[in-house]
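Colleague: Structure for the following, please:
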Amino acid sequence: MKDQIKKIKKLNAQERQKIAYEEWIKIIKELSTEEKIELANDIGYPVFTRMCLGALKHDFVLLQDGAAIIIENEKGEILLQSRADREKWGLPGGCQNLGERFEETIIRETKEETNLDILESDLKLIAPVSGLSRQNNYPNGDVVINNTMLYYTNKYTGNLKWDEESKKMEFFSISNLPQNQNDPDLIERYINFKKGT
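Modeller: Presented below is the predicted three-dimensional model:
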């Protein structure tokens with residue numbers, strides 16, 4: 001079964017979507033709990049969940065847990081990413097892996113998306129943010145509602161570099177943010193956090 005897992009891990013998102021549901025059922029039934037967790041974390045828990053839903057995978061509203069971060073530079077500007085999957089600017093962050101603490105999630109996601117390194121000791125929790133303001137509709141038809149742990153830091157190392165999830169990244173002044181935002185609710189929480197309210 002390890003060979004089967006390795007094969008699935010090597011597939012890109014489009015190739016994984018082409019796996020017949022009946023074949024996917026057989027694969028999952030043969031995996032141990034540890035192997036299911038390993039596979040889910042490697043391809044992403046929300047992707048794994050949707051694959052298990054079969055024909056209804058894009059008609060199901062998925063509740064997903066994750067973390068986002070406000071990274072502030074020495075000028076007090078915040079880092080935003082122009083997302084590759086839609087024409088919106090958002091904060092670095094992403095979904096929690098199975099068994100992962102939220103602090104681990106944001107450290108991993110920050111490294112993957114920005115190439116910046118942050119330390120857990122330098123993270124400040126702004127707030128858990130949930131509710132309908134966290135609903136996201138994706139171009140492929142997926143609808144999710146995120147429970148997001150919002151963190152802040154102004155301490156980081158490394159050179160900014162982004163992966164395929166972003167078109168570009170840029171630091172913005174709070175007074176000059178792009179109009180097409182993906183996370184206005186999170187940025188509002190950050191502004192209140194800075195004001196001490």
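Colleague: Return the residues in contact with the spatially most central residue of the chain.
Modeller: By CA atoms, centre = their mean, the chain has its centre lying nearest to residue 94, at 1.4 Å. By CB atoms under 8 Å, 6 or more residues apart in numbering, the contact list for residue 94 reads 66, 67, 105, 109, 112, 113. C-beta coordinates here come from the backbone N, C-alpha and C atoms, glycine included.
Colleague: In three-state terms, how would the fourth one be classified?
Modeller: Read that as residue 109. Following DSSP: H, G, I helix; E, B strand; the rest coil, we place residue 109 in the helix state.
Colleague: Please, which helix or strand holds the nearest residue to it once chain neighbours are set aside?
Modeller: Nearest non-adjacent residue to residue 109, counting by CB to CB, 6 or more residues apart in numbering: residue 94, 4.1 Å away. Residue 94 belongs to strand 93-95 when assigned by DSSP states H and E.
Colleague: Could you please name the strands that strand pairs with and the direction of each pair?
Modeller: Within its sheet, strand 93-95 is paired with strand 61-71 (antiparallel), according to DSSP bridges.
Colleague: On the C-terminal side of the helix or strand hosting residue 16, identify the next helix or strand.
Modeller: Residue 16 belongs to helix 13-17 when assigned by DSSP H and E. Downstream of helix 13-17, the next assigned helix or strand under DSSP H and E is helix 21-30.
Colleague: Just the buried positions in that next one, please.
Modeller: residue 27 (16 or more other CB atoms under 10 Å).
Colleague: what's the answer for stretch 140-152, then?
Modeller: Buried, per 16+ other CB under 10 Å, within stretch 140-152: 142, 144, 145, 146, 147, 148, 149, 150, 151, 152.
Colleague: Thank you, goodbye.
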